[in-house]
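Trainee: Let me see the structure of the following:
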Amino acid sequence: MAERLRKLQLPKIYPITDRQLSRKSHPEIVAALIQGGATWIQLREKRLCARDLYGEARKAARICRQKRRILLINDRVDIALATDSDGVHLGQQDFPVSVARQVLGKDKIIGVSTHTLGQAIRANASDADYIAAGPVFATSTKVSEYEPLGLSVLSRIRERVDKPLVAIGGINFGNFLDVLRVGADSVAIISDLMTARHIANKMREFLDTAQKA
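Mentor: Numbers count the residues shown, from 1 in each chain. Model (predicted):
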C-alpha cells in the first residue's frame, strides 16, 4: 500500500496531532481528522514514554489502515517500524535519512524537516520522499532555534528543490492560502485543528477552502 500511495501528490492540508492542545488521545484525533477528510496524518508526541507511545500509535495505525489513510510517525523510526505505519518524519537531530531508509525499507515514506535553504538543498539530494520547511511564521507549538523563514525564503526553497514541499510553522486558516500560493505543495496544520471544538469540521473547512482557491 505505501509504495503505491507514496507516488501520489501530497495533500494540500497535512494535519499533525497534538495531545496537549486537543486534550484527546492520538487515536481519537486521528479518527476525527479522517472523518474530516484527512488523507495524510503525522502523529507527533514528545512526552509519552516509549511503551505508551507505542500503544497509542498502534491504535492510530490500525485506524488508518482500515480507512486506507497514510500515518507517519514523528521522529521515532522504532515506533514507525513496530506499528507498521506508513513511514516517519525526521528532524535534523534524528536518524539520518539513509539510516532510516535501511531500517524501514524502500516502500515506506520518509519526510525530513529543514529550517534553512542549505538544509533543504541537502535534503533534496537525500533519499527522503518529501521535504518540510519551517517555521514559516512564528509558532508556539514547538520551540525552535531557527528564525521564521517567511514567505520569501520559502519561495526560494521552492525554486531550489524538486521534491514535494511541506510548509510548517505558524500556519493557520488565515494565512495558509498565501503559503500555498508561493509554491508549497502542502501545509502542515497543528494549532488551528487541535484547538478546534470539532476537529473533523475544522479539517473539512480547511480542505473545502483549499479546493475552492
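Trainee: If you tally nearby residues, what's the number for Q92?
Mentor: By other C-beta atoms under 10 Å, 13 other residues sit near Q92. All C-beta atoms are positioned from the backbone trio N, CA, C, and that covers glycine.
Trainee: Now name the helix or strand holding the nearest residue to it once chain neighbours are set aside.
Mentor: The shortest distance from Q92 to any non-neighbouring residue, by C-beta to C-beta, 6 or more residues apart in numbering, is to S113 (6.3 Å). Under the assignment given by DSSP states H and E, the secondary-structure element containing S113 is strand 109-114.
Trainee: sorry, back to before: partner residues bridging the residue nearest to Q92?
Mentor: Taking DSSP bridges, one obtains A132 as the residues bridged to S113.
Trainee: Leaving out the residues flanking it, which one is nearest to A57?
Mentor: The spatially closest residue to A57, leaving aside those adjacent along the chain, is T83, at 4.7 Å (C-beta to C-beta, 6+ apart).
Trainee: Contact partners for the one you found?
Mentor: With contact set as C-beta atoms under 8 Å, 6 or more residues apart in numbering, T83 has these partners: 54, 57-58, 60-61, 73.
Trainee: in this protein, which ranges drop under the pLDDT threshold?
Mentor: Judged against pLDDT under 70, the low-scoring parts of the chain cover residues 1-8, 141-144.
Trainee: which residues of this structure fall in strands?
Mentor: Taking DSSP state E, the strands of the chain run over residues 13-15, 40-43, 70-74, 87-90, 109-114, 130-133, 165-167, 186-189.
Trainee: buried sites along the longest helix seen in the chain?
Mentor: Scanning the chain for the longest helix, with DSSP state H as the assignment, gives helix 50-67. The neighbour-count check on helix 50-67 (16 or more other C-beta atoms under 10 Å) flags 53-61, 63-64 as buried.
Trainee: and the angle for it with strand 70-74?
Mentor: Using axes from the mean of the first three to the mean of the last three C-alpha atoms, to 10 degrees, one finds that helix 50-67 and strand 70-74 are set 160 degrees apart in direction.
Trainee: Mind listing residues that contact helix 50-67?
Mentor: Against helix 50-67 from outside (C-beta under 8 Å, 6+ apart): 1, 17, 25-27, 30-31, 34, 41, 43, 45, 48, 69-71, 73, 76, 78-79, 82-86.
Trainee: Drop the exposed ones from those residues and show what's left.
Mentor: Neighbour counting over the contacts of helix 50-67 (16+ other C-beta under 10 Å) leaves 17, 26-27, 30-31, 34, 41, 43, 45, 69-71, 73, 76, 79, 82-83, 85-86 as the buried ones.
Trainee: who touches the most centrally placed residue in the chain in this structure?
Mentor: What sits nearest the mean C-alpha location of the chain, by C-alpha atoms, centre = their mean, is Q42, with 4.6 Å. If you count contacts by C-beta under 8 Å, 6+ apart, Q42 has them with 14-17, 71-74, 89, 188.
Trainee: how far does stretch 31-50 stretch from start to finish?
Mentor: In stretch 31-50, first residue to last residue: 22 Å (C-alpha to C-alpha, to the nearest Å).
Trainee: And it, how far out from the chain middle?
Mentor: Stretch 31-50 has its average C-alpha position 9 Å from the chain's average C-alpha position, going by C-alpha atoms, centre = their mean, to the nearest Å.
Trainee: No more questions from me, cheers.
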